[in-house]
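In: Let's see this in three dimensions:
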Amino acid sequence: QLRLVESGGGLVQPGGSLRLSCTASGLILDDYAIGWFRQAPGKEREGVSCISRGRRTMYVASVKGRFTASRDNAKNTAYLEMNSLIPEDTAVYYCSLINTGSMIYCSYEASDYDYWGQGTQVTVSS
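Out: Numbering: from 1, shown residues only. Now for the predicted structure:
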């Protein structure tokens with residue numbers, strides 16, 4: 001059975017760090033590009049980062065230089081390292097997968113993705 005399980009969210013003070021994990025089961029992560037999205041209350045879901053099968057990464061401007069996406073295919077797990085967190089980063093964060101034969105393909109379009117995790121809450125507050 002296919003599952004994506006996210007973990008690592010929580011409450012952190014401004015300037016702090018969190019590392020989100022997304023562990024997949026029932027599939028081979030190496031076959032997928034991985035996207036990270038977030039949705040704040042009252043706002044639309046937005047693409048934050050993606051990492052291709054070949055480990056090409058993309059970041060939205062608001063997180064560039066602060067967030068780092070990575071993947072460990074041997075563990076079937078993706079990570080989003082988040083540093084220098086600010087209150088505007090508060091949201092539910094989701095990982096998502098696209099099944100693709102391309103080593104460089106990456107997308108911020110939610111409709112492009114095949115599978116989604118359940119989300120993990122990140123709250124940045126003093």
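In: tell me the phi and psi of residue 29?
Out: phi -60, psi -30 (degrees, to the nearest 10).
In: For the closest residue to residue 51 other than its chain neighbours, what are phi and psi?
Out: What sits nearest to residue 51 in space, not counting adjacent residues and going by CB to CB, 6 or more residues apart in numbering, is residue 69, at 4.3 Å. Where C-beta positions appear, they are placed from N, C-alpha and C, glycine not excepted. Torsion angles at residue 69 (phi, psi; degrees, to the nearest 10) stand at phi -100, psi 140.
In: What's opposite residue 69 in the beta bridge?
Out: residue 80 (DSSP bridges).
In: Look at it and say how many residues are nearby.
Out: 24 (other CB atoms under 10 Å).
In: so who does it touch?
Out: 34, 36, 49-51, 57, 59, 78-81 (CB atoms under 8 Å, 6 or more residues apart in numbering).
In: Find me the pLDDT at it, would you?
Out: Listed pLDDT for residue 69 reads 98.
In: Look up how far residue 29 lies from it.
Out: 13 Å (CB to CB, to the nearest Å).
In: Could you check how far the closest residue to residue 89 other than its chain neighbours is from residue 104?
Out: If you skip the residues right next to it in sequence, residue 89 has residue 124 as its closest partner in space, 5.1 Å away by CB to CB, 6+ apart. Remark: distance between residue 124 and residue 104 (CB to CB) = 32 Å.
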